[in-house]
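Asks: Pasted the sequence and its predicted model underneath.
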Amino acid sequence: MLLSSSVVFFVGLQIGSALSLFHRECNLKVPKNYSISLPPKILDVEGNQVPLPIEIHSGVTEIEFVDEQTGRIGICLAFEIKWHDPNIFALEENRNCFGKFPLEGFRAKFWTPPLMYENVRKTANPMKNQNLQYGVVTRDHKIVITQFMDNEIACKFDFRRYPFDQHNCPYRIVSWFDNNEALALRTIMHRPSFGQAQQSIQNYGIQIELIMDGSSGHSYQTYVTPHRNLSVTGLNIHLSRTLKPYLTRYFGPSAGLVLLAMVSFIIPAEMVAGRMAFLVTLYLTSGNLSLSTYVQAPPVKDFLALNLWGYFLNFTFTMICLEYAWIIYLRFQVQKKVGISEARGLGTELQRFQIWTTKMDLKAAFVCSTFFVVTSAVYFIYYLL
């Protein structure tokens, strides 16, 4: 009971502290020698002036959309800019300042870290957002500015393996002039939400991976240049298309139609109308199913894996139809050779012909079914592995 009461008291204390920090407000003053074009300086242990260390933490909170036609991914990015500046809190009016403070006057005087965004079509500077009204000063005199902003990442899609396609879309934030000591860029892993209203997002399984420094295991890396090592952070958005809808709506039904077409070999060759109607119906149904699936494919000129499957279907159907067309042709030649008026001869020849066509159908059924099963197995093994 005492332990639970202590836990409740601790949690209540933390919540109360956070609420008091949010509701408390102060007017943070900036030293007169600050310039919006130059980074502020502080003194190191040796008394030399060095750039003010600034931390920028970022993380994806939402995947908003995936646009396959224009190659864009919309994300909502959370930015947290954090730093401790002794020069600011050395001023008498700032020593007891903590809580939220207005950014209107502060933004116009404080230097903004220059950042470069790689593979980004649309973004905003987190410090220059006019809609952002307040920042926060913590009790240990750290200035924190948090903002959510929309970004559009340029992603190079390769649809040649569609619908087995996978895409990797990198997103990088690089300091333009500052090294790791002056500007520390970090990416924090969040569990992003997804825009459920966007059908394009539901078509993919989405994974987000942080770029990692292999030597330290931190979520940042370093760009080595002749003059300084630039800080860089970011993430990789990995898109893998959800295959289940295509298996249940296209691959499975179309394969079933082809296997059902094998039943035509059981139909006697002399039942021309029934056998032809059966094959034509299955062929048209398969074509309609393929067209309805191709309409949903990405509008690209590349040869897709989906097209290759359609060629397998058409080739198998063509073999089945050509085999029966060859039988009809031979039957016509037998009838022409024997003569319609010679009933006995016609019956003998036709009986021999029927026995031969039965064997021919069995062989053709074996060849066609083996071809389709083997090609299907190779197809799925190649694209799934």
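Replies: Structure received.
Asks: contacts and neighbour counts: CA atoms only from here.
Replies: Fine.
Asks: tally of neighbours for residue 25?
Replies: Other residues lying near residue 25 total 18 when counted by other Cα atoms under 10 Å.
Asks: One more: residue 70?
Replies: Applying other Cα under 10 Å, we find 11 residues neighbouring residue 70.
Asks: before we move on, what about residue 355?
Replies: By other Cα under 10 Å, 10 other residues sit near residue 355.
Asks: From what I see, residue 63 and residue 205 are in contact.
Replies: No - contact criterion Cα atoms under 8 Å: residue 63 and residue 205 do not qualify, at 11.5 Å.
Asks: So for those two, which sits in the more crowded spot?
Replies: Set residue 63 next to residue 205 and count neighbours by other Cα under 10 Å: residue 63 wins out with 22 against 13.
Asks: Please tell me how far that one sits from residue 166.
Replies: Distance, residue 63 to residue 166, by Cα to Cα, to the nearest Å: 17 Å.
Asks: cool, residue 350 as well?
Replies: Counting by Cα to Cα, the gap from residue 350 to residue 166 is 57 Å.
Asks: With residue 147 instead?
Replies: Distance, residue 147 to residue 166, using Cα to Cα: 31 Å.
Asks: just checking, residue 239 is part of a helix?
Replies: No - under DSSP: H, G, I helix; E, B strand; the rest coil, residue 239 falls outside any helix and is assigned strand.
Asks: Pretty sure it sits against residue 206.
Replies: Yes - using Cα under 8 Å, residue 239 is in contact with residue 206, at 4.9 Å.
Asks: Contacts for stretch 142-149, please.
Replies: Here stretch 142-149 makes contact (Cα atoms under 8 Å, 6 or more residues apart in numbering) with 76-85, 123-124, 126, 132, 134-138.
Asks: ok, now stretch 110-123?
Replies: Applying Cα under 8 Å, 6+ apart, the contact partners of stretch 110-123 are 30, 34-40, 127, 149-155, 170-177, 183.
Asks: 6 Å instead?
Replies: Defining contact as Cα atoms under 6 Å, 6 or more residues apart in numbering, one finds that stretch 110-123 is touched by 36-39, 151-154, 171-176.
Asks: Any idea how many residues pack against residue 162?
Replies: 18.
Asks: how much space is there between it and residue 203?
Replies: The gap separating residue 162 from residue 203 is 12 Å, by Cα to Cα.
Asks: quick one: low-confidence parts of the stretch 201-350 of the chain?
Replies: Residues of the stretch 201-350 of the chain meeting the criterion pLDDT under 70: 212-229, 338-347.
Asks: Could you pull out the buried residues of the helix or strand harbouring residue 60?
Replies: Using DSSP states H and E, residue 60 sits in strand 54-67. For strand 54-67, burial by neighbour count (16 or more other Cα atoms under 10 Å) applies to 54-66.
Asks: what's the closest non-adjacent residue to residue 29?
Replies: Leaving aside its chain neighbours, residue 29 sits nearest to residue 94 (6.6 Å; criterion: Cα to Cα, 6 or more residues apart in numbering).
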